[in-house]
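Q: Turn this into a structure:
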Amino acid sequence: MSYDLRLVAYAPNGARLGILPHPLSVQVAWPLNDVPSLKFAYSSHAVGANLIAQPCEIGVQWSADGNVWTENGDGRFILARREGDQLDPSRTWQFDCPSYLWVLKKAVTYAHASIAPVNGQRVYGSPTPNATAGFIMNSLLTEAQARGALAGFSWTFTGSLDSATPPLTWNQTFGLGVPLGTDVLAVLLTLVDAGLIDIRMTGPRTLSAWRPGTAILRDLTTGATPVELAGGRDIRAAPDVGTLEDLASAAYVVGDSSFRVERVNVGTPLPWGRWEVGVRQVGVTEATAANLVGDSLLVRGAVERVQRTRELVFAPNTRWLPLRDYLPGDRIYAPGNAGQRVALRVRQITLTRTDRGVVSGNLVLDDRLADQEIRLRRRIALLANRP
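A: You can find the predicted model right below:
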């Protein structure tokens, strides 16, 4: 096996220009439900440098055998920023390239043609909270293209149906106020943070979106051949960083108009007894919402917090490969405490390549407790988004 990465230049919203055969370094990160990013270094003296001396797109392709090359759906990036020293004889430039999804920053929220703004906001789901994430995004994208923005951008969902096969109806309704002038990417990530939509680029310039917690969160620990990353074969090292800094058994939540409530975790004694945490939560004015905020703090504060990174092996006997066999959002088996097999969620895949063609990388993984915490944080985020 010879796992490798390569960079290919494309004209803006256009055809392939050619391969960049001699990058000095490559680092690409694919986070779950966020904007992927690419960083690479290239010398102006190298073959192919002329291709990136102009606005262009960069496709990241991977190969498991050096013959067949694949660009995943979220493998297209925009060459947005470069940095270099004009007196450096090597003429090396550092390039920062966000995912093609980043173009949504270049379209903003306008007032609806026939609905007046409220307090400088475009309001969805008022007076009845009946808006959906798909409806909001489909309307903003459609209107932006009607103005001439987002040329070349496409999406696979509608205002009523998501991108699943077969498609599912958007079923979470809510109210949302979007300040006029807010870029469309910020709106999309707000909906993601509130747990109303899952997203991924599924083509070079195509966005797909799903009902949260459905298609994008595959469980690859089931079936006849579950994905299991084994130490020494698929995983080189499994560093964890644990912290007790967030421990708390009592949460004091202060909302609007001096609304306040205390939540206490009586089931989990802490090493030093009662530790308290306080939070000022905008938009909270009633007990149900405040209890949710407090409970989220107590979930986070009940145990040691652990950041799990797993360093990947790319060797002839490696069985499971990133991008080919698993993606961000998938639940897989990987070494947990003491190296034992544990089901963990892939939160981010990061791959690097040196000028000698050596590929390495790592995964950021979360357990079920972290999944629970994220769900709670999303519900809390939604509270502050209502108009």
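
Q: Do you know the pLDDT at residue 370?
A: Confidence at residue 370, expressed as pLDDT, is 63.

Q: now swap in residue 171 and tell me
A: Looking at residue 171, its pLDDT reads 91.

Q: wait, it sits on residue 211?
A: Yes. Residue 171 is within contact range of residue 211, at 6.5 Å (criterion: Cβ atoms under 8 Å). Placement of C-beta: from N, CA and C, glycine included.

Q: okay, these two: which has more neighbours?
A: residue 211 (24 against 9; other Cβ atoms under 10 Å).

Q: That one and residue 168 touch, don't they?
A: Yes. Assessed by Cβ under 8 Å, residue 211 is found in contact with residue 168 at 5.2 Å.

Q: Okay, and the beta partners of the closest residue to residue 290 other than its chain neighbours?
A: Once flanking residues are discounted, residue 290 sits nearest to residue 261: 4.2 Å by Cβ to Cβ, 6 or more residues apart in numbering. Residue 261 forms beta bridges with residue 253, as assigned by DSSP bridges.

Q: dump the residue contacts of residue 261.
A: 252, 253, 255, 287, 290, 291, 294 (Cβ atoms under 8 Å, 6 or more residues apart in numbering).

Q: ok, of those residues, which come out buried?
A: 252, 253, 255, 290, 291, 294 (16 or more other Cβ atoms under 10 Å).

Q: Taking the residues you listed, tell me the two that lie furthest apart.
A: The distance between the two most remote of the buried ones among the contacts of residue 261 (Cβ to Cβ) is 12.3 Å, for 252 and 291.

Q: Relative to the host helix or strand of residue 39, what are the paired strands and their orientations?
A: Taking DSSP states H and E as the criterion, residue 39 maps to strand 37-43. Partners of strand 37-43 in the sheet, by DSSP bridges, are strand 25-31 (antiparallel), strand 92-98 (antiparallel).

Q: Residue 359 is nearest to which of those strands?
A: Using Cβ to Cβ, the strands paired with strand 37-43 put strand 25-31 closest to residue 359, at 8.7 Å.

Q: What's the local residue count around the residue nearest to residue 186 when sequence neighbours are not counted?
A: Leaving aside its chain neighbours, residue 186 sits nearest to residue 105 (7.6 Å; criterion: Cβ to Cβ, 6+ apart). If you count neighbours by other Cβ under 10 Å, residue 105 ends up with 14.

Q: Does residue 105 belong to a helix, a strand or coil?
A: helix (DSSP: H, G, I helix; E, B strand; the rest coil).

Q: Help me confirm that it comes into contact with residue 185.
A: Yes. Counting by Cβ under 8 Å, residue 105 touches residue 185, with 4.6 Å between them.

Q: so who does residue 150 touch?
A: Per Cβ under 8 Å, 6+ apart, neighbours of residue 150: 103, 104, 106, 107, 141, 144.

Q: for it, phi and psi?
A: Backbone torsions for residue 150, taken as degrees, to the nearest 10, come to phi 60, psi 40.

Q: Fine, thanks again, bye for now.
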